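*Asks:* No sequence on hand, only this structure:
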């Protein structure tokens with residue numbers, strides 16, 4: 001058999017990339033942006049103070065040792081590059097010309113930084129709710145949408161991705177594009193309480209929910225839900241705390257959806273209206289949780305396939 005000769009590299013570092021310290025976007029813009037908070041906010045969708053707090057939490061994991069061959073990329077540049085990717089969805093090829101870093105280097109930086117953000121901040125930003133937390137969430141829904149005993153709004157969001165190699169139609173959804181699913185439970189302040197990320201786009205929301213850790217723990221009554229309580233102004237027996245969802249989810253003691261849109265009397269119509277007011281919070285929250293695929297072929301959320 002004939003064997004091909006190994007391809008020789010033309011450069012150790014491309015002449016354009018070698019000018020990173022003089023012409024790279026980080027080195028030409030970062031310090032000027034820090035002195036212009038509004039421009040910094042627009043550049044990476046984060047204030048300077050928040051950036052510094054996030055950097056302090058991640059610095060040890062983003063610091064690498066210099067070698068005799070080259071200097072390591074600073075934690076500031078790694079974090080700013082990742083935030084720019086998440087804020088704009090620019091391709092790795094585009095960021096390559098902006099930051100003058102190799103495409104594979106950018107891919108590794110973004111994936112590693114996203115994983116580190118999830119590992120370091122998950123417990124602080126998305127802790128496991130307690131019974132008191134559920135009660136506060138329920139009070140928030142009642143004040144904002146007049147729907148009592150609601151502990152969250154549930155829905156799925158399709159995140160567009162490039163087709164992964166050898167995946168067939170697993171990621172091809174009913175909207176006729178490839179995606180992974182972000183299944184989220186949201187409170188009345190549009191904050192994510194529990195998430196499940198990375199399910200195939202071809203899978204229905206109800207099936208994702210049933211097979212997720214969130215759904216399994218809810219069915220097994222392991223989410224530390226408060227004891228049922230009476231609805232405001234009612235003398236009937238206590239009602240359980242519920243999650244509101246759309247018609248794609250099955251009814252259960254802790255999952256409630258609106259009535260079908262036919263033959264509704266006034267009571268059912270008012271109930272469905274109130275439930276829809278509570279459910280809108282997850283719709284708006286999911287609309288803001290958009291992610292764009294980079295040159296790796298998959299959205300970086302696939303690196304964070306965790307259940308809270």
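*Replies:* Yep, it's here. Since the model is a prediction, treat every value here as computed from it, not as a measurement.

*Asks:* Tell me the helix or strand right after the helix or strand hosting residue 54.
*Replies:* Residue 54 is part of helix 48-62 when elements are defined by DSSP states H and E. Counting by DSSP H and E, the next helix or strand C-terminal to helix 48-62 is helix 75-88.

*Asks:* Please enumerate the helices of the stretch 1-150 of the chain.
*Replies:* 20-23, 25-34, 37-44, 48-62, 75-88, 92-99, 103-125, 131-145 (DSSP state H, counting those that start in this stretch).

*Asks:* so which of those is the most packed in?
*Replies:* helix 75-88 (a mean of 21; mean count of other CB atoms under 10 Å). In this view, the C-beta of every residue, glycine as well, is placed from N, C-alpha and C.

*Asks:* For it, name the packing helices and strands.
*Replies:* Under the contact definition 3 or more CB pairs under 8 Å, 6 or more residues apart in numbering; DSSP states H and E, helix 75-88 sits against helix 25-34, helix 37-44, helix 48-62, helix 92-99, helix 103-125.

*Asks:* Pull the distance from the first one to the chain's centre.
*Replies:* Same thing as helix 25-34. 27 Å (CA atoms, centre = their mean, to the nearest Å).

*Asks:* low pLDDT regions in the chain?
*Replies:* Within the chain, the stretches with pLDDT under 70 are 1-9, 11-12, 286-308.

*Asks:* hey, which strand is longest across this structure?
*Replies:* strand 150-160 (DSSP state E).

*Asks:* downstream neighbour of it in the secondary structure list?
*Replies:* Past strand 150-160, the next helix or strand by DSSP H and E is strand 179-186.

*Asks:* picking up where we left off before, can you put the helices and strands packed on helix 75-88 in a markdown table and add distance to residue 188?
*Replies:* Shown next, in a markdown table, are the helices and strands packed on helix 75-88 (distance: least, CB to CB, whole Å):
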| stretch | distance to residue 188 |
| --- | --- |
| helix 25-34 | 34 |
| helix 37-44 | 26 |
| helix 48-62 | 23 |
| helix 92-99 | 37 |
| helix 103-125 | 18 |
